[in-house]
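Chemist: sequence first, then the predicted structure, then my questions.
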Amino acid sequence: MTDLRQHAADIHEQFSDTLDVSVDEIESRLETLVSEYRVPVDEARRSVISTYLDEADMDRDELSGGSSESATVADIDAPEECVDLTVKIVDLWEPRTDSIAQVGLLGDETGTIKFTKWAKSELDELEEDAVYRLGNVVTDEYQGRFSVKLNSSTTIEELDTDLEVGDDSTEVEGALVDIQSGSGLIKRCPEEDCTRVLQNGRCSEHGDVDGEFDLRIKGVLDDGTEVHEVIFNQESTEELTGITLDEAQQMAMDALDTEVVVEEMRGRVLGRYYRVAGPTLGRYVLANDIEQLGAPTESENVLIKARSI
């Protein structure tokens, strides 16, 4: 079975109870997007599913996805699939919107993954360090990063046991020699289940929207042998630079320009040595833990020294 045919069959299973649509019709829609409009397969699948959600007057978190199968975190390699997981809640974060009840990190012996539990699902509260059997969770993917969603069809069973979570963390250290474009004070799409960074006020999926401010650094660490691309989220960016989101917004407002924020950040962190640890997603290391090493140095001297090692 071709990839598009398999995607079409999966989508058909998700909507077979609500829409009179054939696998052939779904495959034809996918083929048009992929072949004629050069849309990546994952985005084409997401677009077709969104179309059928509108036709069925359903929310995305109502998708049952058909029957679910037991899986591990490491098995999750495709979006819009339903799986059963036995996991430990590793970390809970502060939700960014009222539509999210809980968000954080869960894991099993094979690794960790982000989860989102929607407020309208009215599911039981998950406790940090507790172990659960989660039935019928839906996988998601954005820019190569997988996550899982707990929705109204998810079941939660707390288990009286412990679970050793696999360590999928990467540790790198070196001189911070560059802050890439797309860093500093940014705006993200406010739509539910979307965290895309806006470009000129537009989300690639939802069009013109009023974005929500966020902080991010896409940095480059040079260890003298190779470079490592590292992403710092709002929390780690605030820790790294000493600039809070509120302060960054005020700086941009005073200057009528968001670029002043990233320039201030460059002045504070370039040329310093850091040790960074966190999971690897694609080519990036996510900076969960940061440690500054040694005293600050001129960034050009740091780069010359690093390259000479």
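Modeler: Ah, there it is. Numbers count the residues shown, from 1 in each chain.

Chemist: where does pLDDT dip in the stretch 101-250 of the chain?
Modeler: Along the stretch 101-250 of the chain, the model assigns pLDDT under 70 to residues 143-144, 167-168, 193.

Chemist: go again with 90.
Modeler: 110-113, 118-122, 136, 138, 140-146, 151-153, 164-170, 188-210, 224 (pLDDT under 90).

Chemist: three-state assignment of D214?
Modeler: Secondary structure assignment for D214 (DSSP: H, G, I helix; E, B strand; the rest coil): strand.

Chemist: so it versus V261, what's the distance?
Modeler: 12 Å (C-beta to C-beta, to the nearest Å). C-betas here are computed from N, CA, C, even on glycine.

Chemist: okay, those two: which has more neighbours?
Modeler: Shown here are D214 and V261; by other C-beta atoms under 10 Å, V261 has more neighbours (24 against 18).

Chemist: hang on, the more buried one packs against I186?
Modeler: No - counting by C-beta atoms under 8 Å, V261 sits too far from I186 to count as a contact (9.4 Å).

Chemist: which residue is nearest the middle of the chain?
Modeler: Against the mean C-alpha coordinate of the chain, by C-alpha atoms, centre = their mean, the closest residue is R145 at 5.4 Å.

Chemist: distance check, that one against V41.
Modeler: As judged by C-beta to C-beta, R145 and V41 stand 17 Å apart.

Chemist: kindly report the same for N136.
Modeler: Distance, N136 to V41, by C-beta to C-beta: 24 Å.

Chemist: these two: which is more packed in?
Modeler: Legend: neighbour count by other C-beta under 10 Å for N136 and V41, higher for N136 (20 against 13).

Chemist: adjacent strands (with direction) for the helix or strand harbouring that one?
Modeler: Per DSSP states H and E: N136 is located in strand 131-142. If you go by DSSP bridges, strand 131-142 pairs up with strand 82-93 (antiparallel), strand 145-150 (antiparallel), strand 155-159 (antiparallel).

Chemist: dump those strands to a markdown table, plus distance to V220.
Modeler: What follows is these, written out as a markdown table (distance: least, C-beta to C-beta, whole Å):
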| stretch | distance to V220 |
| --- | --- |
| strand 82-93 | 26 |
| strand 145-150 | 19 |
| strand 155-159 | 41 |
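
Chemist: show me the contact partners of the strand holding N136.
Modeler: For strand 131-142, the surrounding residues in contact (C-beta atoms under 8 Å, 6 or more residues apart in numbering) are 42, 61, 63-65, 68, 76, 78-89, 115, 126, 146-151, 153-159, 161-163, 193, 195-196.

Chemist: which of the residues you listed are buried? Put it as a PyMOL command.
Modeler: To isolate the buried members of these in PyMOL, using 16 or more other C-beta atoms under 10 Å:
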select buried, resi 42+61+63+64+65+68+76+79+80+81+82+83+84+85+86+87+88+89+115+126+146+147+148+149+150+151+153+154+156+163+193+196
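
Chemist: D91: what's it in contact with?
Modeler: Counting by C-beta under 8 Å, 6+ apart, D91 makes contact with G104, L105, E128.

Chemist: buried ones among these?
Modeler: G104, L105.

Chemist: okay, now the domains of the protein?
Modeler: Following automatic domain parsing, one gets these domains for the chain: 3-57, 69-159, 169-308.
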